[in-house]
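Trainee: Sharing a model prediction with you, sequence too.
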Amino acid sequence: MNTQISGGLKITFLLHFVVALLFGLGFLLIPATMLSMYGLELSGPTIYRLFGGALLGFSVSSWLGYRATTWESVRIVVIMEIFWAFLGALIFAYGLLVDDFPALAWMNVAILAAFGIAFTWFYTRR
C-alpha cells in the first residue's frame, strides 16, 4: 500500500535538514570554532570534520525525505533518524553527566531528543 507522507513529517524532515546542515557545515569547515562554543579544544580536526561530514549526510537524507511523496520511500530513513537521534541524545547526556561536558551540550540533548520523539511519533502514527 503506497500512502502519502504527512505534512508534519515533511516539516520534521525540513527542520532536521536545516539543523544537520548548520552543524555539519560548522564541524566540517570550522571545527575549532564549533568546539570552542562547547569549551573544548581542538586536538585534531579530522575526526570532527568526519563528524561534520556524517551530519551533512543526515541532512541530505532529510532533504530527500522532505522531497519524497510516499511513506514507503522514507520508512528506512525515519527508522535511521529515530536511532540516531536517541543514541546521540544519550551520548551527549553521558558526556554531560560523566565526562564534564559544558552545559551548552544540553541544547544538543534537547534537539536530538525532540527529533527522536517527532520521528518516533510519525513512525508509530503510520
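Mentor: Received the coordinates, thanks.
Trainee: For this structure, which segments count as helices?
Mentor: Using DSSP state H, the helices of the chain run over residues 7-29, 31-37, 45-67, 75-97, 105-125.
Trainee: What are the buried residues along the first one?
Mentor: This means helix 7-29. Residues of helix 7-29 classed as buried: 9-10, 12-13, 15-17, 19-21, 23-24, 26-28 (neighbour count, 16 or more other C-beta atoms under 10 Å). For glycine as for every other residue, the C-beta is placed from the backbone atoms N, C-alpha and C.
Trainee: related to what we said a few turns ago, need the helices of the chain in CSV (columns: mean pLDDT).
Mentor: Converted to CSV, those look like this (pLDDT from 0 to 100):
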stretch, mean pLDDT
helix 7-29, 97
helix 31-37, 94
helix 45-67, 96
helix 75-97, 96
helix 105-125, 97
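Trainee: how many other residues sit next to the nearest residue to Ile79 once chain neighbours are set aside?
Mentor: The shortest distance from Ile79 to any non-neighbouring residue, by C-beta to C-beta, 6 or more residues apart in numbering, is to Tyr123 (7.0 Å). For Tyr123, the neighbour count with other C-beta atoms under 10 Å is 16.
Trainee: Now do the contacts for Tyr123.
Mentor: By C-beta atoms under 8 Å, 6 or more residues apart in numbering, the contact set of Tyr123 is 78-79, 82.
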